[in-house]
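Visitor: The sequence and its predicted three-dimensional model are supplied below.
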Protein chains: 2
Amino acid sequence: MTIAVKTLANAVRALSMDAVEAAKSGHPGMPMGMADVATVLFTRYLKHDPAAPDWADRDRFVLSAGHGSMLIYSLLHLTGYARPTIEDIRNFRKLGSPCAGHPENFELAGVEATTGPLGTGLATAVGMAIAERHLNATFGDGLVDHRTWVIAGDGCLMEGINHEAVGLAGHLGLGRMVVLWDDNRITIDGAVDLSSSEDVLGRYAASGWHTLACDGHDPDDIARAIDEAVADPRPSIVACRTIIGFGAPSKQGTSATHGSPLGADEVAAARVALGWTAEPFVIPDDIAAAWAAAGTRGREAWTAWNERLAADPQAAEFIRRMKGELPQGFSLAAHIDGLIAEPKTVATRVSSQMALDAVNALLPETVGGSADLTGSNNTRTKGLAPFTRDDRAGRYLYYGIREFGMGCAMNGMALHGGVIPYSGTFLCFADFVRPAIRLAALQRIRSIFVMTHDSIGLGEDGPTHQPIEHLMSLRVIPNLDVWRPADAVEAAEAWELSLSRVDGPSLLALTRQNLRQLRTEKGENLSARGAYRLKAAEAKRRVILIASGSEVEIALDVASRLEAEGVGADVVSMPCWSRFDAQPKSYRDDVLPPVDPSEVLRVSIEAGTTMGWERYTMVDGMRFGIDRFGASAPAPDLYRYFGLTAETIAPQLLGAVRTA
Amino acid sequence: MTIAVKTLANAVRALSMDAVEAAKSGHPGMPMGMADVATVLFTRYLKHDPAAPDWADRDRFVLSAGHGSMLIYSLLHLTGYARPTIEDIRNFRKLGSPCAGHPENFELAGVEATTGPLGTGLATAVGMAIAERHLNATFGDGLVDHRTWVIAGDGCLMEGINHEAVGLAGHLGLGRMVVLWDDNRITIDGAVDLSSSEDVLGRYAASGWHTLACDGHDPDDIARAIDEAVADPRPSIVACRTIIGFGAPSKQGTSATHGSPLGADEVAAARVALGWTAEPFVIPDDIAAAWAAAGTRGREAWTAWNERLAADPQAAEFIRRMKGELPQGFSLAAHIDGLIAEPKTVATRVSSQMALDAVNALLPETVGGSADLTGSNNTRTKGLAPFTRDDRAGRYLYYGIREFGMGCAMNGMALHGGVIPYSGTFLCFADFVRPAIRLAALQRIRSIFVMTHDSIGLGEDGPTHQPIEHLMSLRVIPNLDVWRPADAVEAAEAWELSLSRVDGPSLLALTRQNLRQLRTEKGENLSARGAYRLKAAEAKRRVILIASGSEVEIALDVASRLEAEGVGADVVSMPCWSRFDAQPKSYRDDVLPPVDPSEVLRVSIEAGTTMGWERYTMVDGMRFGIDRFGASAPAPDLYRYFGLTAETIAPQLLGAVRTA
């Protein structure tokens, strides 16, 4: 017996409204409104195998309107994923349940991306679609040949990030991406026309998308639209005309269904309206069986794919890349040995490019890029061809002036797997990328953010372009490694460590201006410790100078002046706070001995905000930095103006030590 | 004798290329490319009076493509503004010159907004256009009747913020806004079609804009287009087809002219090509005179306007609002007295709304709003009608799901003057608004950001919505006051202080969950000190608990438990770090006495990152907070899970004090 799509969809509606009711919080409107569309997608189109959720060639599905999380939880449960169980769904939004308020990629297989911040899911999907085509070009149709599906709401489309994502996908012609827009004409504040008069499809068409519409409650029309979308070579957006909260008789079509439980009476009325007689959290056997059968649709394709993989000469390499493992013995030691042999005085953005020359030769899975600052970020290395509409094998993306879209696309590539994305902008514009950086950290993925022009050292461009608070504001993001290398060796070490890290993103803050090479001896990767003693006091130690990046050479100059006066000074280079904080106490106490400040004065030097440095200098220490906005002038003038020179700092320290 | 527009424009080109050459850095391409367009605008259309740059009814001109700063410096100088002088221009990009790398509103009258971060200028102009129509509705055509002009580049249009700005302006029908797009088909990385295939005008049209094009080097065609733009009731965008670096014979039309000096040879060749024979920084007398004459075009209108102002019964009120002065004796004391008389246990987002009820009645100049979270941010008060296409007198904006666009629009309103903008979103989405918050701080303007749902206290929505690092990441922004009130009284105090502040923005972090009212005695505005002793130790003081917002009541509970064990504990409420840091040392030392940690243990409690709290707890203190991402669960469960309860904290402090 065939169960009607509407009936299958009602299982989604029932689970969604019941789970929200039990949690006493959540968003029933979207899952109920999009249940028909999602049911058609999951029972007839989505290529997946719930028994093999890590199948590399599965379609990727992103619920960009993440607040409608019960939609995906229902779909995963009904199609037979091991989790969520019905118990997980009963515990929706409770501590320990993988069914969190918004879908989290690390909680459930089948949740391809963490969504909730509106618009980011769709923009992330763009990266997945890029990765798919790139890997397809590398490994062929036999191994990589899948689609990227997105369900997005009005919020996703109104956010600025949408423009960047749409522009990028349209320009790159990512035809295997299909966006199903929940066109319900409702936002939280009320009707969409309270705040928008946009012809959404007109805008998408202006960026080269295929646009079409369907009745989001008519399964045949939904299928017709999806067929057309799949057939078109352009990325497609389908405006699915829906009624938010479909089935809740007195509330449907209003924002009242968006973000609150319907209430017991309305849920009861909805059951009547939908003809759904089962108890909460109970799916009638025939309906459950029909869903389970739909969940096995992909098994045959999965089997065939595995047979192709087994026969493929590139199988081992494909598996390695999809696992995110670096080639055996990956190391930048040879490159670093070269630097030791021939020290370089270059900007760390150039050091980074030199490291990337080695990296990109060793790791075919890197995909670089820049938000229209290729020559400034130094992210394109020799022989890296652009990824374009016509050359999917290219490994470099001209992202355009789309920093946030770039960040989300990188996350999508990392989530898809098989590639390691890195890309650049100016550090000051980390503010534009910030929500994507946070999502990379939250999702525990290897996106590598290259941020050049990392201080007033960029000079004349002035305060709008000079990072002041940025380093510190990034260091407070959980699970993000923020690197600020002091020379070419540390830059290479930071790259090695960022690439080797599989459970989170890294960000490299790099200078525009030249820095002399401070590390000139062969040895281990000292940056791995986060901070280390670069120079030990010669005279009796009275001062420990802690610095990062371009200020480490200033610290060394300060130390020389102090030593000349008989005051011993250590210099600690601290390229990465989070790595240092993760060291054993014995190591940390060795680098920063816990002695009385009157005996050993701790001093930080960094061309950025001093707030936060108390952690290492202690309150009684001294902090040299910049606690106001910058200014427009040549870099050396600015360093003098802000007092960040050895000539200015050394006398202050001598004074402090002598009066201590 | 009439000087041709092309000749006038060549004065802009010459100054621009010469200044960049002298500075050895800068962006000649845009000023040279847009010189003709800008000359037509400034000599024939822009309503301004260089002798009265603070004329309230002047047109506003925003150079959104701020890297082309020499364009505006040239125009201001040539039309007769007191600054920049030719000496200022000679010192372009040098320390102390008001001619900074990017235009800064606080450096020069006539620079209406600080620009450089691409796209933000245009989005800021949207706010100016809103303020203009709103004040027009209030004060009539006689006092307020001007236009908002923008010059924008491809970067401005490609950024996500552009979508939000365009959507808002189109929806609101801001017909007095005209964008002149420097359609030069070049970005830094090369041709625009390297990264974009967008039909830009098609996209604008989809949002209800009037779109047209002109030859950006044909003065008559430019004027024709501007005439059409002005005549149309919709906001207009004019695609000005230009050649970047126009006049530099071997480099024009390429990205080589964008961001570097042309070089002496090319400058010399450009002089020949343009027929410009004057020495660097010299403007021939006839040309200077023609420019100066153009600069007096507005004098008559200015005189007439002043006569109207003098005769206007609302003159005093208009002047007060445009000066940004609050009404004499503005205070929320009556509201606070009411709270003292009848304490309220409510969320601080509700406290904020109660304060706003009073504020909006006292201050007709406030314009509120929310990015589609009106009911959650509690930003709309009784009787506040929406500002719409049909009702310009409305004082509430439904911004839609456009956080960044909202922030920029607020900045534009504040820059325009005459209104005080405030608006809301969730604190977690401060990340989306962040570049606008920074620009408000840099521009020293009174934008007030309401950010609710300020911690894990929001509960079930989970990690994507729970701020962790946000408070700290905002506190490091220079010149931003970050408020986190602990109860209804502090919320009112924070509003009073934010409104009274004229030299920078404020941000209020507010809870979703209820908090009991802790302040129950009449008295001064204690929040003005940034931090204060809310409760003094009863037993001998061994502990100082420092907390903000929702954790202050936890601190009080901890203190009770300590006192019950004979351990004296102060509780310090610290709603605003920057205000506390600005207090005299004597006050700071009174609140946080500089005594040995073994005598008095300092403890911070805040439901966010602990990094940074060392500033007040000292390294030897204890910091209770959350240094990882949040989780999805009811708020009380989360507070327990993260150990932020009196039951969990008090025993740890007792242990520490007893072993000290």
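Guide: Received the coordinates, thanks. Residues are numbered from 1 along each chain as shown, chains lettered A, B, ... in the order given.
Visitor: what does the stretch 1-150 of chain A put close to chain B?
Guide: Those residues of the stretch 1-150 of chain A that sit near chain B, judged by C-beta under 8 Å from any C-beta of the partner chain, are A:23, A:25-26, A:66-67, A:93-97, A:100-102, A:104, A:114-119. (Each C-beta comes from the backbone N, C-alpha and C, glycine too.)
Visitor: rerun at 7 Å
Guide: A:23, A:25-26, A:66, A:93-95, A:100-102, A:104, A:114, A:116-118 (C-beta under 7 Å from any C-beta of the partner chain).
Visitor: how would you label the spatially most central residue of chain A: helix, strand or coil?
Guide: Centrality entry for chain A: nearest residue to the mean C-alpha point is A:A440, 2.7 Å, by C-alpha atoms, centre = their mean. At A:A440 the chain is in helix, as set by DSSP: H, G, I helix; E, B strand; the rest coil.
Visitor: For it, which residues are in contact?
Guide: A:411, A:447, A:505 (C-beta atoms under 7 Å, 6 or more residues apart in numbering or on different chains).
Visitor: ok, and the most crowded of the residues of the stretch 1-150 of chain A next to chain B?
Guide: Neighbour tally across the residues of the stretch 1-150 of chain A next to chain B (other C-beta atoms under 10 Å in any protein chain shown): the maximum, 33 neighbours, falls on A:G66.
Visitor: Distance of it relative to B:F629?
Guide: According to C-beta to C-beta, to the nearest Å, A:G66 stands 15 Å off from B:F629.
Visitor: ok, now A:N184?
Guide: 30 Å.
Visitor: Neighbour count: those two, which is higher?
Guide: Taking other C-beta under 10 Å, A:N184 and B:F629 do not tie; A:N184 has more neighbours (26 against 23).
Visitor: Just want the phi and psi numbers for that one.
Guide: The phi/psi pair for A:N184 (degrees, to the nearest 10) reads phi -100, psi 0.
Visitor: now do A:D54
Guide: Dihedral angles (degrees, to the nearest 10) for A:D54: phi -100, psi 10.
Visitor: Check what pLDDT it gets.
Guide: Looking at A:D54, its pLDDT reads 97.
Visitor: Quick one: neighbours of it, just the number.
Guide: 11.
Visitor: quick one, what contacts it?
Guide: A:A109.
Visitor: distance of it from B:R444?
Guide: 53 Å.
Visitor: Ok, A:M413 next?
Guide: In this view, A:M413 and B:R444 are 40 Å apart by C-beta to C-beta.
Visitor: neighbour count winner among these two?
Guide: A:M413 (32 against 18).
Visitor: check which helix or strand covers the more buried one.
Guide: Per DSSP states H and E: A:M413 is located in helix A:403-416.
Visitor: Next SSE downstream of that helix?
Guide: Next helix or strand after helix A:403-416 toward the C-terminus (DSSP H and E): strand A:420-426.
Visitor: Distance from that following strand to the middle of the chain?
Guide: 11 Å (C-alpha atoms, centre = their mean, to the nearest Å).
Visitor: ok, now stretch A:344-353?
Guide: Centroid displacement of stretch A:344-353 relative to its chain, using C-alpha atoms, centre = their mean, is 26 Å.
Visitor: ok, is that stretch in contact with chain B or not?
Guide: No: if you take C-beta under 7 Å from any C-beta as the test, stretch A:344-353 misses chain B, and the best it gets is 14.8 Å.
Visitor: model confidence over that stretch, on average?
Guide: For stretch A:344-353, mean pLDDT rounds to 98.
Visitor: Contacts for stretch A:539-547 next, please.
Guide: Outside stretch A:539-547, the residues touching it (C-beta under 7 Å, 6+ apart) are A:554-555, A:558-559, A:562-563, A:566-574, A:592, A:600-606, A:616-617, A:653, A:657.
Visitor: next one: that stretch to chain centre, how far?
Guide: How far stretch A:539-547 lies from its chain's middle: 38 Å, per C-alpha atoms, centre = their mean.
Visitor: Would you map the helices across the stretch 1-150 of chain A?
Guide: A:5-23, A:29-40, A:69-79, A:86-90, A:120-139 (DSSP state H, counting those that start in this stretch).
Visitor: For A:C428, find the nearest of the ones you listed.
Guide: Proximity to A:C428 (C-beta to C-beta) singles out helix A:120-139 among these, at 21.2 Å.
Visitor: Let's have the contacts of A:A440 in TSV, adding distance to B:L194.
Guide: Output for the contacts of A:A440, formatted as TSV (distance: C-beta to C-beta, whole Å):
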residue	distance to B:L194
A:N411	23
A:S447	23
A:P505	26
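Visitor: can I get these in JSON lines with neighbour count?
Guide: As requested, these are exported to JSON lines (neighbours: other C-beta atoms under 10 Å in any protein chain shown):
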{"residue": "A:N411", "neighbour count": "30"}
{"residue": "A:S447", "neighbour count": "32"}
{"residue": "A:P505", "neighbour count": "30"}
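Visitor: now, which of those sits nearest A:A301?
Guide: Distances from A:A301 to the contacts of A:A440, taken by C-beta to C-beta, are shortest for A:N411, at 27.0 Å.
Visitor: Contacts for the helix or strand hosting A:G155, please.
Guide: In this assignment (DSSP H and E), A:G155 forms part of helix A:154-158. Residues from elsewhere that reach helix A:154-158, judged by C-beta under 7 Å, 6+ apart: A:64-65, A:118-119, A:121-122, A:162, A:181, A:187, A:192, A:196, A:200, B:167, B:372, B:400-402.
Visitor: returning to that earlier point: to A:N377, which of the helices of the stretch 1-150 of chain A lies closest?
Guide: Between the helices of the stretch 1-150 of chain A, helix A:120-139 lies closest to A:N377; by C-beta to C-beta that is 18.4 Å.
Visitor: Nothing else from me, thank you.
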